[in-house]
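*Asks:* test case, fold it:
(one chain, ligands or ions: 1)
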Amino acid sequence: MKKVLILVAAALAVLPLGGASRKKAVKASKEQTVVAVPTVEKTVIPISTDNTQMVLVAFGKGILHTYHYGAKLTDPGEYANFNSRMGSNNGDGPMTYPTQGGKYVSEPALSVKYADGYRNTELCYVSHTQSVRGNVVKTEIQMKDYVTGLQVKLVYDAYQKEDVILAHTEITNGGKVPVELENYASSSLFLRGDKFLLTHTYGDWGAEMQVDREVLTHNMKVVETKRGTQATQWNNPAFMVSMDTDCFSETEGEVIAGALCWSGNFRLSFEKGVSHNLNIVAGINPYSSEYPLGAGETFVTPEMVWTFSAEGAGRASRNIHSWARHYGVYGGDQIKPALLNSWEGAYFTFTTETLLRMIDDAASMGLEMFVLDDGWFAMDYPRDNDRQGLGDWEVNTRKLPEGIDYVAKYAHGKGLKFGIWIEPEMVNPKSNLAQAHPDWVVRSPGREIYQHRNQWILDLTNPEVQDFVFSIFDNTMQLSKDIDYIKFDSNRAINNFGSDFLGKDQSRFYVDYVQGLYKVMQRVREKYPDTIVQCCSSGGSRVDYGSLRYFDEFWTSDDTDAMERVKIQYGTSLFYPACTMASHVSAVPNHQTGNVTPLKFRFDIACAGRLGMELQPKNLSAEEKALADRCISSYKVWRDLVFQGDLYRISSPYESDYYALMYVSEDKSRAVVFTYSTNYLNRAIGTKTFRLRGLDPQKKYKVSEQNVDTSVFSANGKSLSGSYLMNGGFNLNLFKTFQSAVFYLEAE
Ligand code: DGJ
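*Replies:* Numbers count the residues shown, from 1 in each chain. Okay, here's the model as predicted:
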């Protein structure tokens with residue numbers, strides 16, 4: 001009915017009418033006042049690091065364009081003369097933070113629904129400031145919509161030495177009535193070029209961080225997740241774009257890499273336009289997440305990490321890793337202990353005695369920490385399997401009558417640190433917690449609460465639940481003064497989402513959940529700054545730089561098969577440094593794949609990250625224990641390179657039958673090289689010569705193969721120049737599946 005009336009009014013407006021009808025027409029065609037937008041002086045805003053630069057230019061009626069992200073220019077001011085020549089064809093051209101509204105008709109970073117139902121936003125540059133704090137130059141650009149009063153601040157933190165720029169956005173409702181944010185991306189980046197090779201990851205449980213690569217075609221490519229929790233099990237919010245090429249190169253060409261610091265639903269869109277351009281929009285996934293913003297309120301988006309490399313993907317990874325170690329990862333500059341985790345060695349079945357013997361064995365092999373995994377808690381519904389007990393965090397004194405403190409003290413007495421597992425944001429329906437607090441569970445009225453791994457999710461949007469989750473961490477820490485490490489797990493994704501707490505504001509759920517988690521972790525870090533905390537989520541399902549602000553490391557994958565780990569660790573290394581990557585030697589046949597892999601190969605893979613073991617050591621033979629001891633002690637000599645060195649990937653498991661990588665110290669005086677053969681090759685094909693990278697050509701390095709009596713390298717033990725090793729022949733004799741070799745290089 002309403003629709004018809006409107007159509008009639010519109011028709012009347014174009015007819016020459018008199019009397020009452022004429023009055024209606026005037027009303028329908030009532031002239032509106034157009035709000036005047038001031039013209040700004042052309043302003044060039046360079047956002048620079050030691051070797052890179054973004055150049056933004058404001059002009060006209062406050063239009064803000066991104067003209068450059070690449071190598072640092074001698075005079076970015078020259079961009080004052082630049083004309084993108086896109087104005088008439090494609091909205092307003094290379095918008096720095098495109099909005100829905102104005103002439104812009106491509107993917108917006110921001111769209112807002114105002115109280116009157118209109119959805120147009122046109123942001124105009126108002127002013128900007130730049131300030132320096134140590135290694136970081138901060139640029140803050142104030143933008144405004146002159147019609148609605150919406151204010152947007154674009155913030156860029158440029159990490160000089162690391163060549164990394166962090167971007168986020170602060171959106172303030174400057175109007176008098178609430179608005180709803182429909183899209184609220186962290187950052188957008190406009191790139192010019194003809195070919196864009198996108199590298200991103202995909203996967204699933206036990207096969208995380210598999211690499212996908214494609215030359216983008218016109219229109220839209222989206223990498224996203226809607227899983228809520230376990231956001232990164234299928235896709236990771238990190239990517240690389242190799243510019244003007246269809247070849248991925250570790251060493252050559254311009255590469256732009258990005259990573260979103262967010263542990264929930266994310267969306268990365270890549271829109272290739274016809275004007276030789278690509279527009280990337282990165283941020284929280286707007287899926288089911290319209291976010292209400294009251295008058296005067298500000299929404300701060302997560303940060304987006306950007307880097308540019310003129311030397312291929314290798315340099316892009318090193319830039320991000322270096323930023324991560326210094327700023328992005330909690331405890332990223334520390335060396336972490338090599339540990340034995342109880343999970344695959346004992347699962348839910350253990351007594352105090354079992355644990356003490358595992359501790360004895362761990363100590364005898366030179367490990368430095370023992371971690372008690374799942375199964376230690378719950379009395380009424382004992383956690384003897386994954387079907388019950390989750391949520392009831394009292395020590396199971398039938399299993400462990402002497403308590404946790406006794407075991408932790410025992411570990412300390414043996415010179416080991418002690419860690420323990422929790423999964424505080426989840427609950428089994430079969431638990432006292434689920435019965436006491438059904439309103440804390442993520443659920444939707446009248447609908448079944450589906451189980452996954454027999455568990456439900458607690459509603460972290462609710463501050464009471466946040467207090468509870470914090471209290472589980474806190475109470476666990478009180479079980480013993482000797483707890484040094486917490487493995488913080490999270491084993492399912494969200495479905496049928498809903499929150500009793502949020503009432504009608506259900507669309508806040510996905511965002512408030514992640515913010516609830518961060519609030520908990522903030523409190524954890526205030527109270528326990530020195531505790532090592534692992535972010536475990538069925539393996540690599542919460543691997544992102546949002547969580548790593550609070551967590552020291554992540555459990556890379558539940559798939560502990562060393563051969564499977566080749567691709568998982570390779571994919572992870574593109575964006576995350578080795579110090580974050582927990583990597584454990586497990587038993588054979590492998591519990592996930594059933595494969596039987598030599599112990600040496602298992603160690604050589606695990607030693608390329610934060611080394612651990614995940615088996616029942618009493619099942620190892622004396623010979624195997626001796627090899628373990630040998631590998632662990634050599635690891636201790638050079639693990640500082642794994643944790644803090646620069647990564648050079650030498651050979652990709654996707655492009656060859658070898659995976660090879662190396663870590664080099666900052667002063668290039670030491671390096672460790674890992675090489676793996678992933679297939680059987682006959683002796684002729686298998687004569688691979690690796691060219692090392694990142695060394696000083698002038699220096700002479702003593703090369704020593706680790707953990708073997710007879711080396712696969714004919715020049716083992718000799719001193720060779722960096723020049724020879726990088727250009728000539730590091731020719732190994734690796735040709736069988738599962739053969740591997742690790743070399744330590746020390747400059748003389
Ligand atoms: C999943 C984790 O990834 C495993 O390492 C283990 O901690 C189990 N959860 C325990 O339930």
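*Asks:* name the helix or strand for the residue in the stretch 101-250 of the chain positioned nearest to the ligand, please.
*Replies:* Per C-beta to the nearest ligand atom, residue 205 is where the stretch 101-250 of the chain lies closest to the ligand, at 9.2 Å. In short, each C-beta sits where N, CA and C put it, glycine included. Per DSSP states H and E, residue 205 falls between elements, in no helix or strand.
*Asks:* phi, psi of it?
*Replies:* Main-chain torsions, residue 205, degrees, to the nearest 10: phi -60, psi 130.
*Asks:* what residues are up against it?
*Replies:* Residues near residue 205 by C-beta atoms under 8 Å, 6 or more residues apart in numbering: 233, 538-539, 541, 558.
*Asks:* how about a cut-off of 6 Å?
*Replies:* By C-beta atoms under 6 Å, 6 or more residues apart in numbering, the contact set of residue 205 is residue 538.
*Asks:* could you do residue 732 as well?
*Replies:* The contact partners of residue 732, by C-beta under 6 Å, 6+ apart, come to 712-713, 741.
*Asks:* could I get these as TSV with neighbour count and distance to the ligand?
*Replies:* Output for those, formatted as TSV (neighbours: other C-beta atoms under 10 Å; distance: C-beta to the nearest ligand atom, whole Å):
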residue	neighbour count	distance to the ligand
712	18	33
713	23	36
741	24	29
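*Asks:* the residue of the stretch 101-250 of the chain closest to the ligand and residue 453, how far apart?
*Replies:* 10 Å (C-beta to C-beta, to the nearest Å).
*Asks:* which single one of the contacts of residue 732 is nearest to residue 344?
*Replies:* The closest of the contacts of residue 732 to residue 344 turns out to be residue 741 (C-beta to C-beta; 26.1 Å).
*Asks:* now residue 223. Its backbone dihedrals?
*Replies:* Backbone torsions of residue 223, given as degrees, to the nearest 10, read phi -120, psi 120.
*Asks:* what is the neighbour count of the closest residue to it other than its chain neighbours?
*Replies:* Ranked by C-beta to C-beta, 6 or more residues apart in numbering and with sequence neighbours excluded, the top spatial neighbour of residue 223 is residue 268, at 4.5 Å. Neighbourhood size, residue 268 [other C-beta atoms under 10 Å]: 26.
*Asks:* ok, residue 100 next?
*Replies:* By other C-beta under 10 Å, 20 other residues sit near residue 100.
*Asks:* surely residue 432 meets residue 392?
*Replies:* Yes - using C-beta atoms under 6 Å, residue 432 is in contact with residue 392, at 5.1 Å.
*Asks:* who's more crowded, those two?
*Replies:* A count of neighbours by other C-beta under 10 Å puts residue 392 above the other of residue 432 and residue 392, at 22 against 16.
*Asks:* tell me how far the closest residue to that one other than its chain neighbours lies from residue 294.
*Replies:* Of all residues not flanking residue 392 in the chain, residue 378 sits nearest, at 4.1 Å (C-beta to C-beta, 6+ apart). According to C-beta to C-beta, residue 378 stands 42 Å off from residue 294.
*Asks:* for residue 554, same thing?
*Replies:* From residue 554 to residue 294 the distance is 36 Å (C-beta to C-beta).
*Asks:* the two: which has the busier surroundings?
*Replies:* residue 554 (26 against 10).
*Asks:* is the more buried one part of a helix or strand, or is it coil?
*Replies:* Of the three states, residue 554 takes strand under DSSP: H, G, I helix; E, B strand; the rest coil.
*Asks:* and the pLDDT for it?
*Replies:* For residue 554, the pLDDT comes out at 98.
*Asks:* who's it bridged to?
*Replies:* residue 535, residue 581 (DSSP bridges).
*Asks:* residues in contact with it?
*Replies:* For residue 554, the contacting residues are 535, 543, 580, by C-beta under 6 Å, 6+ apart.
*Asks:* apply 8 Å and report the result again.
*Replies:* 534-537, 540, 542-543, 547-548, 576, 580-582.
*Asks:* was I right about residue 407 contacting residue 400?
*Replies:* Yes - counting by C-beta atoms under 8 Å, residue 407 touches residue 400, with 6.9 Å between them.
*Asks:* out of the two, which sits in the more crowded spot?
*Replies:* For residue 407 versus residue 400, neighbours defined as other C-beta under 10 Å are more numerous around residue 407 (24 against 20).
*Asks:* for the closest residue in space to the more buried one that isn't next to it in sequence, grab phi and psi.
*Replies:* Spatial nearest neighbour of residue 407, chain neighbours left out: residue 355 (5.2 Å); criterion: C-beta to C-beta, 6+ apart. When read as degrees, to the nearest 10, the backbone of residue 355 gives phi -70, psi -40.
*Asks:* check what pLDDT residue 355 gets.
*Replies:* What the model reports for residue 355 is a pLDDT of 98.
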